[in-house]
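>>> My questions are about this predicted structure, shown below with the sequence.
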Amino acid sequence: MNAIKWMGAVLALAVLTACSEQPQVVEYKAGTYSGKPDTRPYDSAMYQGDKATYESDMRARTHKQTEIGRMAK
């Protein structure tokens with residue numbers, strides 16, 4: 001009989017724990033961005049803010065990912 005009471009207490013505790021979840025609502029402020037600031041990919045140490053070099057490297061990378069770019073000329 002003690003086992004049944006013990007299991008009933010555990011079940012009641014589990015039910016009460018499930019009911020105690022707090023709402024997770026984000027508060028938005030109109031006209032503002034509340035996330036982390038994003039950095040531009042060309043602001044890294046590799047490119048040091050040079051957007052033209054970054055774009056050139058991305059075009060070369062994209063070209064190598066196609067079958068035409070990998071074919072021998």
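Right, received. Where do you want to start?
>>> How far off centre is the longest helix seen in the chain?
Longest helix in the chain by number of residues (criterion: DSSP state H): helix 2-19. Centroid separation between helix 2-19 and its chain, computed with Cα atoms, centre = their mean, to the nearest Å, is 37 Å.
>>> cool, stretch 30-43 as well?
The answer for stretch 30-43 is 14 Å, by Cα atoms, centre = their mean.
>>> Using neighbour counts, pick out the buried residues of it.
By 16 or more other Cβ atoms under 10 Å, the buried positions in stretch 30-43 come out as Tyr42. Where C-beta positions appear, they are placed from N, C-alpha and C, glycine not excepted.
>>> avg pLDDT for it?
Stretch 30-43 comes out with an average pLDDT of 85.
>>> re earlier: following the longest helix of the chain, which helix or strand comes up?
helix 51-64 (DSSP states H and E).
>>> which helices and strands sit right next to that next one?
Counting contacts by 3 or more Cβ pairs under 8 Å, 6 or more residues apart in numbering; DSSP states H and E, helix 51-64 packs against helix 67-70.
>>> which regions of this structure lie under the pLDDT threshold?
Within the chain, the segments meeting pLDDT under 70 span 18, 20, 69-70, 72-73.
>>> and with 90 instead?
Scanning the chain for pLDDT under 90 picks out 1-39, 44, 60-73.
>>> Can you mark which positions in stretch 42-50 are buried?
Across stretch 42-50, burial judged by 16+ other Cβ under 10 Å covers Tyr42, Tyr47.
>>> er, stretch 54-73 I mean
For stretch 54-73, the neighbour count (16+ other Cβ under 10 Å) marks Tyr54 as buried.
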